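> Need a 3D model of the following:
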Amino acid sequence: MPVRTKKTKAKRTKQVKKSAAKKTIAKTKAKKSAAKKTAKKAVAKTSPTNKTVKKQKQGKSTPTKTSAKKAASKRATRTPPAEKTAWKISPEISQSVVDIDIWKKGDLKIEHLTVYRTGWIVVHQLPDLSSYNPDEGVSIFEKFEFEEHEVLDGSQETSSFPKELPSEECERLMALSEEELVDEGWTIESATRFSGPLVVEEVEALPSA
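As a prediction, the model looks like this:
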């Protein structure tokens, strides 16, 4: 019996030690949790600077959104530009458009004429044609200011050469390109003429590039 009593006391002693160790561990955990809470509080105290930064960023972005809305509303309220008017001028009679190329070299002159079935120009200001003579016609590049023009369907070509040039030289010159004529010292003056009655039509001006 005395032996058993000793064993019982020893077990109780171990249990007491274990419970004391558990209490110590619990205290340590409590200290750690308290330290964590303190750290969280410290972080919470320093966080307002981050919040301030966010507020400042939001404050910076807000005017941009407002200005974008204002710009969109301004664009929406703009009225479309008024359509501009132009006038198309063309000969009334077919084959009344002539291209004239005059080649010169010293005292020599070669005239090359090309007749077109029709053609037209577009002007932005209505011209004064009160002094226009249909029999004489008009050089469109001298009379009008325009950016658009076109000649269509060349139907006839004629050339006139100086009498002092032999026929072989005339044939040789006719076979040359414009670049080759320039290389040989010839210069060119060009003109386009409308003749006969003219037709003036009001059209919508094309948008400028």
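> Would you map the strands across this structure?
85-91, 97-105, 108-123, 138-139, 148-160, 187-194, 198-204 (DSSP state E).
> Distance to residue 166 and mean pLDDT added to those strands, as TSV?
Just so you know, the C-beta spots here come from the backbone N, C-alpha and C atoms, and that holds for glycine as well. TSV is the format used below for the strands of the chain (distance: least, Cβ to Cβ, whole Å; pLDDT from 0 to 100):
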stretch	distance to residue 166	mean pLDDT
strand 85-91	38	93
strand 97-105	15	96
strand 108-123	12	95
strand 138-139	32	95
strand 148-160	15	89
strand 187-194	22	95
strand 198-204	42	92
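> Domain boundaries for the protein, per the record?
Following automatic domain parsing, the chain resolves into domains at 2-77, 85-204.
> before we move on, the earlier item: now render the strands of the chain as JSON lines, adding mean neighbour count and distance to residue 178.
Listed next are the strands of the chain as JSON lines, based on neighbours: other Cβ atoms under 10 Å; distance: least, Cβ to Cβ, whole Å:
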{"stretch": "strand 85-91", "mean neighbour count": "18", "distance to residue 178": "26"}
{"stretch": "strand 97-105", "mean neighbour count": "17", "distance to residue 178": "9"}
{"stretch": "strand 108-123", "mean neighbour count": "18", "distance to residue 178": "10"}
{"stretch": "strand 138-139", "mean neighbour count": "16", "distance to residue 178": "20"}
{"stretch": "strand 148-160", "mean neighbour count": "13", "distance to residue 178": "13"}
{"stretch": "strand 187-194", "mean neighbour count": "15", "distance to residue 178": "7"}
{"stretch": "strand 198-204", "mean neighbour count": "12", "distance to residue 178": "30"}
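> Export those as CSV, with columns for distance to residue 172.
Shown next, in CSV, are the strands of the chain (distance: least, Cβ to Cβ, whole Å):
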stretch, distance to residue 172
strand 85-91, 35
strand 97-105, 13
strand 108-123, 12
strand 138-139, 30
strand 148-160, 13
strand 187-194, 18
strand 198-204, 40
